[in-house]
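K.L.:
no sequence for this one, just the structure:
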């Protein structure tokens, strides 16, 4: 079993929909939780970061961490075609390297 | 803006060839990383370097080596390329390994080994 599991998709939604992207993990020592966004033919870039449990909101994006369930989510409100990309969750323990999920490909159709 | 550049976007090599992938960052970051990205497997760490001439193995170092002679440059070497090394290779850099260790990625090199 992989340390971080993520549904590969693709997930196809109409413009304006609310999108929910999720990851589950097995390592209870993970403390730092991130979402990277990767456009086609580009490298990933950091989108959201959360330390430990809780929510974080940035514009149309909300990141949630539920450490008791070992589950993290990224919500995108009012999705746009420009949100079409692969979303990678990443997490780490203190002093350790990042562990990435496999990525979910999202397509937002006009 | 942090910029990480990789020497080639696409590369085609033959089995047994020695392959060099070059990465340069312009933000004076201490740490540099090489990953490979395969469908469904996400990013897997091959090697990282926390200082000039210093390197550490990642999760999948077999078949690879690295070189960091200057702070801004980190090279990945495939000593004898094999078909199972066909993949997307991503280089990244970061200022600190502590905390979230935000990494800045290059655009990637898609390597095909025939």
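P.N.:
Arrived safely. The shown structure was predicted, so the numbers you read here are calculated from the model rather than taken from an experiment. Numbering: from 1, shown residues only, chains lettered A, B, ... in the order given.
K.L.:
Can you name the residue of chain A nearest to chain B?
P.N.:
Nearest residue of chain A to chain B: residue A:43, at 3.0 Å (CB to the nearest CB). Bear in mind the C-beta positions are built from the backbone N, C-alpha and C, glycine included.
K.L.:
Can you verify that residue is assigned to a helix?
P.N.:
No. Applying DSSP: H, G, I helix; E, B strand; the rest coil, one finds residue A:43 to be coil, outside a helix.
K.L.:
What is the neighbour count of residue 77?
P.N.:
Just so you know, I chose chain A. Neighbour count of residue A:77, defined by other CB atoms under 10 Å in any protein chain shown: 13.
K.L.:
ah, no, chain B please
P.N.:
Neighbour tally, residue B:77, other CB under 10 Å: 15.
K.L.:
Relative to residue A:89, how far out is it?
P.N.:
30 Å (CB to CB, to the nearest Å).
K.L.:
ditto for residue A:11
P.N.:
14 Å.
K.L.:
Show me where chain B has its strands.
P.N.:
B:4-6, B:10-13, B:19-25, B:31-38, B:42-51, B:54-57, B:64-70, B:73-78, B:87-94, B:104-105, B:109-113 (DSSP state E).
K.L.:
To chain A, which of these lies closest?
P.N.:
Chain A lies closest, by CB to the nearest CB, to one member of these: strand B:104-105, at 3.0 Å.
K.L.:
is any part of that closest one close to chain A?
P.N.:
Yes. Under the criterion of CB under 8 Å from any CB of the partner chain, strand B:104-105 makes contact with chain A via B:104-105.
K.L.:
mind checking how far that strand is from the chain centre?
P.N.:
When C-alpha coordinates are averaged (CA atoms, centre = their mean, to the nearest Å), strand B:104-105 and its chain have centres 11 Å apart.
K.L.:
who's in contact with that strand?
P.N.:
Residues outside strand B:104-105 that contact it (CB atoms under 8 Å, 6 or more residues apart in numbering or on different chains) are A:43-45, B:2, B:4, B:25, B:27, B:29, B:90-94.
K.L.:
where in chain B is pLDDT low?
P.N.:
B:1-2 (pLDDT under 70).
K.L.:
hmm, 50 instead?
P.N.:
Regions of chain B meeting the criterion pLDDT under 50 are absent.
K.L.:
near chain A, which residues of it?
P.N.:
B:4, B:9, B:39-45, B:48, B:58, B:90, B:92, B:97-108.
K.L.:
are any of those buried, and which?
P.N.:
B:4, B:41-45, B:48, B:58, B:90, B:92, B:100-108 (16 or more other CB atoms under 10 Å in any protein chain shown).
K.L.:
How about the residues of chain A by chain B?
P.N.:
Counting by CB under 8 Å from any CB, chain A sits next to chain B at A:4, A:6, A:8, A:32, A:34, A:41-46, A:49, A:51, A:88, A:92, A:94-95, A:97-98, A:100-103.
K.L.:
Which of these fall in strands?
P.N.:
Checking these against DSSP E, those in strands are A:4, A:6, A:32, A:34, A:45-46, A:49, A:51, A:88, A:92, A:100.
K.L.:
Return the member of the residues you listed nearest to residue A:82.
P.N.:
Comparing those against residue A:82 with CB to CB places residue A:45 closest, at 13.6 Å.
K.L.:
Many thanks, have a good one.
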